[in-house]
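Q: Predicted coordinates and the sequence they were generated for:
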Amino acid sequence: MAEAFLVAQDLHKSFNDNKAVNGVSFTIDKGEIFGLLGPNGAGKTTTIRILSTVLQPDRGDVTIGGYSVRDNADAVRRRIGVCPQELALYVDLSALDNLVFFGRMAGLSGKEARAQAMANLELMGLTERAKGKVDKFSGGMKRRINLAIALMGHPELLFLDEPTVGIDPQSRNNIYETIEGLRDGGMTILYTTHYMEEANRLCNRVAIMDGGKIIAMDTPYALKSQIGSPEQVTLEDVFLRLTGRSLRD
Amino acid sequence: MIRPILVALLEVRTYLQDKGDLGFSLLLPIVIFALMYGAFGGQSQFHGTAHVVDEDQGAPYSALLLERLGELENLDVELLSLPEADSQLERSDLLMVLYIPNGFSDKLASGEQAQLVFKQRGNGGQEGQIVASLIRGVVEEISQELQVQSQVKNALAGRGISQDHIQITVQKFLDQERQYPIVGVREETVGTSPDLVSQFLPGIVTMFVLFAITLSSRALVEERKKGTLERLLTTRLSVGQLFVGKFLANVCRGFVQTFILLTLAYMVFRLFTPLSFVEALLIALIFSAAGSTLGLIIASVARTEDQAVWTSVTFTMVMVMLGGTFFSISEGSALYIASKASINTYANAAFKTIIAQGGSLADVGLELGVMAGVIVVGLVLSRLIFRVMPGGK
């Protein structure tokens, strides 16, 4: 049996009367890509914010690599990297400076941060633009920088919150390949997306959230099997069957 | 310890890269200094303007009065028409106007008493009162001359000397007396520091440093807007380290601006000795730090740039008013008690002691202690507020 690197137990989080996360439990094995899917407002981002120590849960706990986010947040932060849904960059600085700064914040020395920043920029195909000001970058390049920053400090667990929103197929493909490479290197990844084909391609297992709860969790193949032939049914069919077709925004 | 410094360096670097922000903040102290120089002009002598309505136009004694007023070195004369003067007084554009009534010269020529009129709003303002006093001096002088003329004419009446001859001769002696008075006044300037500058500079510096509150209050809002705040909070940077980093950056920025202002004052007005200059810089540094922590408290509450800016502007104005920057607060009043809650009060007192009274740091121990206390409490409080506020850690 695989070793669970992340264990979320009965997580609850409310904002005023709105229960954003309502009893969420799941585990992610080491080296696994775990997809967290759901319509807008399902509670995915709040869950990631709890897992990444930004928010404290009202109830429940999460352990990452054996450390509780409640009691040992600093130890958790040493093990995680976060690629937020919105771009989180210092646009007045160069790509390299952004990576080096966040590398230093992740605990790397100046020399290590610089070396790792160059390696990550190469991974993202941005070596030639290392010294370019981020402000001048295209949307796809900014997305790749956003991901490259999350990789600073060699995290064991990576949170990717919709990393491919609004970018061209070339940049998206670069990100897919990077994620697959990271998985092959043994990194554990929690991935959220609205693109079902992405989840189908990348994730070992997916959980579908709605109304703050996990309503289904299994491998993409097993989930598709629940409503028909996995070769003919898509993950999007499963998603719409479980969450309905009504608009959420 | 390295992370707060890296945060501070990043902040300073971003600030240096924003040419507009950099230019504005470095030019601001120079502009303020230029305004100070323009206002005080490196001199402490009074110079004012007498606004005059001459309804006795062309007549000899009104012309004489205007000529004498024009001879005063520290007074300009501006002639206005009656409607102009009335409307400017009505709008409070002017606070005091001298009216020379029609028939003023005729009355004096015929030996009657004549009156000038000062029309003023309220007490005429400080400048108005000084101008009125200067005019009174000239009027008294003319009045005395007329009396002398009249008395000499009366004394020599019937001795066969023509009135014109008497008038010309007496006037010659009076002019000599005016030119070489028997009792003269000599002015001596003690020291090189113009009093007005040394009185006003502390208030200007403290008000200026409080601008740092506005800059400091935006620190976290800008990180939120960029999305980098949340990202930073998932790294090994603690909230405390983040706040210390922001604090250091804002202290640097506020201090550099104050340094420019004080250095210009030092070089141009020669207000300081080298020691008192260093002491004033130290006070500026501590006050910048205190202002920066107050800004961080606002930053930890504010969720938008508007909230941050307006809260800090309101806060700054209250602190400046209570701190006695624009007006002195009399001891024992309710405002005096309230002024103890303003950090400006302590900074003003410390600067005044060093700049205007020639004191030393040993004389401002209480003020420095209060400001140091504000720094410690402000840092702790801002961090606590940030943690308990929705959307905080």
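A: Perfect, thanks for sending it. Residues are numbered from 1 along each chain as shown, chains lettered A, B, ... in the order given.
Q: Nearest residue to the middle of chain A?
A: A:L160 (1.8 Å; C-alpha atoms, centre = their mean).
Q: Let me know the helix or strand that that one is in.
A: Element membership for A:L160 (DSSP states H and E) is strand A:157-161.
Q: any idea of the mean pLDDT for that strand?
A: For strand A:157-161, mean pLDDT rounds to 94.
Q: before we move on, which element is A:A119 in?
A: Element membership for A:A119 (DSSP H and E) is helix A:110-123.
Q: Quick check: buried residues in the next helix-or-strand element following that helix?
A: Moving toward the C-terminus from helix A:110-123, the next helix or strand (DSSP H and E) is helix A:139-150. The neighbour-count check on helix A:139-150 (16 or more other C-beta atoms under 10 Å in any protein chain shown) flags A:G140, A:M141, A:K142, A:R143, A:R144, A:I145, A:N146, A:L147, A:A148, A:I149, A:A150 as buried. All C-beta atoms are positioned from the backbone trio N, CA, C, and that covers glycine.
Q: Also stretch A:211-218?
A: The neighbour-count check on stretch A:211-218 (16+ other C-beta under 10 Å) flags A:G212, A:K213, A:I214, A:A216, A:M217 as buried.
Q: try stretch A:33-52
A: Across stretch A:33-52, burial judged by 16+ other C-beta under 10 Å covers A:33-39, A:41-52.
Q: what do you get for stretch B:329-338?
A: By neighbour count on 16+ other C-beta under 10 Å, the buried set for stretch B:329-338 is B:I329.
Q: do the same with stretch A:183-190
A: Buried-residue list, stretch A:183-190, by 16+ other C-beta under 10 Å: A:R183, A:M187, A:T188, A:I189, A:L190.
Q: Arrange those in a markdown table, one row each, with distance to B:G365 and secondary structure as further columns.
A: Output for the buried residues of stretch A:183-190, formatted as a markdown table (distance: C-beta to C-beta, whole Å; DSSP: H, G, I helix; E, B strand; the rest coil):
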| residue | distance to B:G365 | secondary structure |
| --- | --- | --- |
| A:R183 | 64 | helix |
| A:M187 | 58 | coil |
| A:T188 | 58 | strand |
| A:I189 | 59 | strand |
| A:L190 | 56 | strand |
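Q: farthest-separated two in the residues you listed?
A: Farthest apart among those by C-beta to C-beta are A:R183 and A:L190. That separation is 12.0 Å.
Q: just the buried residues of stretch A:211-218 now: which is nearest chain B?
A: Nearest to chain B, judged by C-beta to the nearest C-beta, of those is A:G212 at 17.9 Å.
Q: For the residue nearest to the closest one when sequence neighbours are not counted, give me its contacts.
A: Leaving aside its sequence neighbours, A:G212 sits nearest to A:N22 (C-beta to C-beta, 6 or more residues apart in numbering or on different chains; 3.7 Å). Residues near A:N22 by C-beta atoms under 8 Å, 6 or more residues apart in numbering or on different chains: A:H12, A:G43, A:G211, A:G212, A:K213.
Q: give me the beta-bridge partners of the last one?
A: It refers to A:K213. For A:K213, the beta-bridge partners are A:D210 (DSSP bridges).
Q: just checking, it touches A:A20?
A: No: between A:K213 and A:A20 there is no contact under C-beta atoms under 8 Å: 10.8 Å.
Q: Spit out the residues that contact the two alike.
A: Counting by C-beta under 8 Å, 6+ apart, the contacts common to A:K213 and A:A20 are A:G43.
Q: how about low-confidence regions in the chain?
A: By default, I'm working from chain A. Scanning chain A for pLDDT under 70 picks out A:1-2, A:245, A:247-249.
Q: other chain: chain B
A: Counting by pLDDT under 70, chain B contains low-confidence residues at B:39-45, B:189-199, B:326, B:390-393.
Q: In contact with residue 141, which residues?
A: With no chain named, the answer covers chain A. Counting by C-beta under 8 Å, 6+ apart, A:M141 makes contact with A:L126, A:R129, A:S171.
Q: looking at chain B here, not the other one
A: B:R68, B:R178.
Q: for it, helix, strand, or coil?
A: Under DSSP: H, G, I helix; E, B strand; the rest coil, B:E141 falls in the helix class.
Q: Next, format the contacts of A:M141 as TSV and append distance to chain B and neighbour count.
A: Conversion of those to TSV gives the following (distance: C-beta to the nearest C-beta, whole Å; neighbours: other C-beta atoms under 10 Å in any protein chain shown):
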residue	distance to chain B	neighbour count
A:L126	18	20
A:R129	18	19
A:S171	19	20
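Q: Just put these in JSON lines and tack on distance to B:A284.
A: Formatted as JSON lines, the contacts of A:M141 follow (distance: C-beta to C-beta, whole Å):
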{"residue": "A:L126", "distance to B:A284": "44"}
{"residue": "A:R129", "distance to B:A284": "42"}
{"residue": "A:S171", "distance to B:A284": "50"}
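Q: so which of those comes closest to B:Q171?
A: Set against B:Q171, the nearest of these by C-beta to C-beta is A:R129 (90.2 Å).
Q: May I see the buried residues of stretch A:111-124?
A: Quick answer for stretch A:111-124 (16+ other C-beta under 10 Å): A:E112, A:A113, A:R114, A:Q116, A:A117, A:N120, A:L121, A:L123, A:M124.
Q: B:L98 sits in which helix or strand?
A: strand B:96-100.
Q: tell me how far whichever helix or strand comes after that strand is from the chain's mean position?
A: Using DSSP H and E, the helix or strand that directly follows strand B:96-100 along the chain is helix B:104-109. Centre-to-centre, helix B:104-109 and its host chain are 43 Å apart (C-alpha atoms, centre = their mean, to the nearest Å).
Q: for helix B:104-109, packing partners?
A: Under the contact definition 3 or more C-beta pairs under 8 Å, 6 or more residues apart in numbering or on different chains; DSSP states H and E, helix B:104-109 sits against helix B:60-71.
Q: What are the buried residues along the helix it packs on?
A: Within helix B:60-71, the residues that count as buried by 16+ other C-beta under 10 Å are B:Y61, B:S62, B:L64, B:L65, B:L66, B:R68, B:L69.
Q: Please give me every residue in contact with B:L281.
A: Shown in contact with B:L281 (C-beta under 8 Å, 6+ apart): B:T258, B:F259, B:L262.
Q: possible to save the residues you listed as CSV with neighbour count and secondary structure?
A: Below are the contacts of B:L281 laid out as CSV (neighbours: other C-beta atoms under 10 Å in any protein chain shown; DSSP: H, G, I helix; E, B strand; the rest coil):
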residue, neighbour count, secondary structure
B:T258, 24, helix
B:F259, 16, helix
B:L262, 24, helix
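Q: Please go through these and note which also touch chain A.
A: Of the residues in these, proximity to chain A by C-beta under 8 Å from any C-beta of the partner chain holds for none.
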